[in-house]
Structure formats: C-alpha cells, structure tokens
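Colleague: sequence first, predicted coordinates after that:
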Amino acid sequence: MLKINILCIGKIKEKYFADAVAEYAKRLGAFCKFAVIELPEEKIRDNRPNASQINEVLRAEGKNLLKKIGASDCVIALCIEGNIISSEELSHTLDRLALSGKSTVDFVIGGSYGLSDAVKRRADIQLSMSRMTFPHTMARMILTEQIYRAFEISTNGKYHK
C-alpha cells in the first residue's frame, strides 16, 4: 500500500481547517497509509526581515524537512514555480508512482517564506496549486482533499464528478 506524507511547516490554528484535514485523512485510510508531519516554524524577531534573515529561515526549515525524507521517497514540492495540473493528472501521477515501485510519496509544503532551494532540488516533481496565493493551512486542506479525490478518480469512485 502506498504511503503518502504531507510534510509541512507549522501547525493548523483554525479548527475548521484541522477538522477538514482530519476528515479527508480518515477517508484516505481506505486507499493508502496517510500522515501529516508538522515541523516547527522558524521564528524571525524582526517584523521586517531582510533577505539574509529570510534565507536563514528557509535554510533551517529546509534542513528539518530534508531530515524527514527517505532516500527512496518520491518528493513533490508545492511551490509557486511548479506545474499546475488537474485532479485527473494528479491521480495519474500517483498511479504511475505506485506502479513504478515507489512506496512513499512526500508532499512538501514550506512555511510562510516558501521552500528552500535545497528542498526544491530534492523534489522529483514541483507542483503549484494555483497562480493564486493561499494560506499554508488552507493549502494543506486543499491538498489533502485533492489526494483523496485522486484516489477516488483512480478507483472510479462517485466522489469525483
């Protein structure tokens, strides 16, 4: 059974987003081993951080994310410069990865400043959810729903219309 992780920076503060993620996580149990792995957000004391401070945050968060990724894992980084794909294409991608022998797929969501270059280089796939900007907690909820939808598509379930 395919294992899917969402590796992310920070915790969900809003109960309604946490409840939605929990609901889709429960549904995903029928299709895969699913986990959300939350890592701490690096803090900047300055309200107007400079580029050096932001780069240090990205480096530290990236280092922590990379520690959680297995050597043989397929990494899908969510980043603005990634490809925009349809729900059907995500479904086909997950099917293809499972058939190719990948046992673990890690979706990676960075913190408020995004992902480090090191994480992007480690990624097998760079994915953008949209050209619009979403809060990270909302992106996590949308991604969890889309992973569930992808499995429903591949099993011809009734959820996707």
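Modeller: Everything's here; your move. Computed from a prediction, not measured in an experiment: that's the story for all the values here.
Colleague: tell me which residues in the lengthiest helix in the chain are buried?
Modeller: Longest helix in the chain by number of residues (criterion: DSSP state H): helix 136-154. Neighbour counts over helix 136-154 (16 or more other CB atoms under 10 Å) mark 136-137, 139-154 as buried. (Glycine included, C-beta is placed from N, CA and C.)
Colleague: burial count for the nearest residue to residue 78 once chain neighbours are set aside?
Modeller: Spatial nearest neighbour of residue 78, chain neighbours left out: residue 109 (5.1 Å); criterion: CB to CB, 6 or more residues apart in numbering. The burial count assigned to residue 109 is 23, neighbours taken as other CB atoms under 10 Å.
Colleague: isn't residue 109 up against residue 5?
Modeller: No - Residue 109 is beyond contact range of residue 5, at 10.9 Å (criterion: CB atoms under 8 Å).
Colleague: where's the residue lying farthest from the centre of the chain, which helix or strand?
Modeller: Residue farthest from the centre of the chain, counting by CA atoms, centre = their mean, is residue 46 at 27.7 Å. Per DSSP states H and E: residue 46 is located in neither a helix nor a strand.
Colleague: residues contacting it?
Modeller: residue 53 (CB atoms under 8 Å, 6 or more residues apart in numbering).
Colleague: quick check: it vs residue 61, distance?
Modeller: 17 Å (CB to CB, to the nearest Å).
Colleague: for the longest strand anywhere in the chain, packing partners?
Modeller: If you go by DSSP state E, the chain has its longest strand at strand 74-83. Packing partners of strand 74-83 (3 or more CB pairs under 8 Å, 6 or more residues apart in numbering; DSSP states H and E): strand 104-109, helix 117-122, strand 125-127.
Colleague: what angle do strand 104-109 and the helix or strand just after that strand make with each other?
Modeller: Heading C-terminal from strand 74-83, the first helix or strand you meet, by DSSP H and E, is helix 87-99. Interaxial angle, helix 87-99 versus strand 104-109 (axes from the mean of the first three to the mean of the last three CA atoms, to 10 degrees): 140 degrees.
Colleague: in helix 87-99, what's buried?
Modeller: In helix 87-99, counting by 16+ other CB under 10 Å, buried: 90-91, 93-94, 97-98.
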